[in-house]
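Asker: Provided below for reference: sequence and predicted model.
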Amino acid sequence: MPDDNFQLNQFLPYLLNQAAEASSLEFQQIYKDRYGMLRTEWRVLFHLGLYGRMTASEIGARANMHKTKISRAVQKLTERRFVTRARDDADRRVEHLALTAQGQAAYDDLHQVAQRYDWDLTADLNEAERAALKKMLVKLSGKRPAGFT
């Protein structure tokens, strides 16, 4: 039965989406303007920058991204000489991905910008609020209502 008191602007998934959009648009413009990257390319670049040499499957598992999106991002990053691919000696179906010097420089630049941007987003929060917000978002990001239809 519909709830006459339902307010979209108080619906948690809606609020989370609005917050995500508002908080990511300016940063998205930075990596697009500086390096011509899309969000998926930025995410692949950052996973390689943070964790080093990885396979596309490993990035997909960590980033919760579909393999098709990762494949397209890797292709673009490879074309722009940000990423190298190396076939695995034991399993020729597997490619190991790594940042080139140019990719590492882009990562280093964007990493600094990301840290400042993250701080600026939460500048109005005290340390306890900042920590609580991040803890709750991490907790919610793993939540999937069981059996919900």
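Answerer: Okay, I see it.

Asker: where exactly do the helices run in the protein?
Answerer: For the chain, the helices identified by DSSP state H occupy 12-35, 39-51, 56-63, 67-79, 101-121, 127-141, in order along the chain.

Asker: who touches the fourth one?
Answerer: Translated: helix 67-79. 37-38, 40-41, 43-45, 56-57, 59-60, 63, 83-85, 97, 103 (C-beta atoms under 8 Å, 6 or more residues apart in numbering). Bear in mind the C-beta positions are built from the backbone N, C-alpha and C, glycine included.

Asker: give me the residues contacting stretch 29-38.
Answerer: 42, 45, 73, 76-77, 80, 82, 106, 109-110, 113, 117.

Asker: what are the buried residues along that stretch?
Answerer: 30-31, 35, 37 (16 or more other C-beta atoms under 10 Å).

Asker: now the helices of the chain as CSV including mean pLDDT and distance to Arg93?
Answerer: Output for those, formatted as CSV (pLDDT from 0 to 100; distance: least, C-beta to C-beta, whole Å):
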stretch, mean pLDDT, distance to Arg93
helix 12-35, 92, 29
helix 39-51, 97, 19
helix 56-63, 93, 10
helix 67-79, 96, 12
helix 101-121, 96, 23
helix 127-141, 92, 30
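
Asker: looking at those, which is buried most?
Answerer: Of all the helices of the chain, helix 39-51 carries the top mean neighbour count, a mean of 20, counting by mean count of other C-beta atoms under 10 Å.

Asker: now it and helix 56-63, what's the angle there?
Answerer: Helix 39-51 and helix 56-63 are oriented at 90 degrees to each other (axes from the mean of the first three to the mean of the last three C-alpha atoms, to 10 degrees).
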